[in-house]
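J.: got a sequence here, can you model it:
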Amino acid sequence: SGTGILPVADWGGQDAHPTVKLLNSGTGILPVAQNAVSQTKIAIRQVSELADAIDSNGFMPISGSYNPNTYYRQRAYVSGKYDRDYEDFNLSGKQATAFNSVVAFTKTRKIPLIFVNLPLTDDYLDPTRRWAEQQFRQRMQQLSRQKGFAFRDLSQRWPNRNDYFLDPSHLNRFGAIAVSRILASDTSIIWPQPKSRSIDG
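T.: Numbers count the residues shown, from 1 in each chain. Presented below is the predicted three-dimensional model:
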């Protein structure tokens, strides 16, 4: 229940984030927040715990693995047709401008740019997402030739290796390790070498 103006938020669901529960009481005009302070403290603590879990390289090593038989008991399946990430799919506009800025930045500083399109599960790659991935792959291949950066497409590398995924579209630590090994063994990628320090003596 709620005011009819704002939805009642609660814990759980596909995107389980702590939120304020709004009640239809008080003035009758605005909802009243119940336990807003305590829930806000919980949210801050959870974000802090997540930040502590991130290692010095910026990674959060998560070991859980994706099991479609149990995953969809707890979360609704959302097809690409209704996925907001694909709602306004387009390869131009603000994202293209931002990407071009990154390319220009790395070029002016002589930083080699390697763009990796990470693996996805077969469950995730329904017809809508598969089409969008194909468009994205073609555009990135074109841009990599034009702008001189490396592009590696691993999106369909392990469509059925659920043990490499936390959910249908995010790698777990084992998938991340496997991707790292692929990239490290890619002889066409010229990895920067550490500068040697001369020792005066």
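J.: where does the chain have low pLDDT?
T.: 1-53, 56-59, 88, 197-201 (pLDDT under 70).
J.: what is whatever helix or strand residue 138 lives in packed up against?
T.: In this assignment (DSSP states H and E), residue 138 forms part of helix 127-147. Under the contact definition 3 or more Cβ pairs under 8 Å, 6 or more residues apart in numbering; DSSP states H and E, helix 127-147 sits against helix 84-87, helix 94-108, strand 114-117, strand 150-153. Heads up, the C-betas are built off the backbone N, CA and C, glycines and all.
J.: quick one: closest of these to residue 141.
T.: Closest of the helices and strands packed on helix 127-147 to residue 141 is strand 150-153, at 6.0 Å (criterion: Cβ to Cβ).
J.: not counting the closest one itself, show me its contacts.
T.: With contact meaning Cβ atoms under 8 Å, 6 or more residues apart in numbering, strand 150-153 is reached by 112-117, 137, 140-141, 143-144, 182-183, 186, 188-189.
J.: PyMOL command for the buried members of the residues you listed?
T.: Listed next is the PyMOL selection for buried residues among the contacts of strand 150-153, using 16 or more other Cβ atoms under 10 Å:
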select buried, resi 117+140+143+144
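J.: for the contacts of strand 150-153, which one is nearest residue 105?
T.: Of all the contacts of strand 150-153, residue 113 has the smallest distance to residue 105: 9.1 Å, by Cβ to Cβ.
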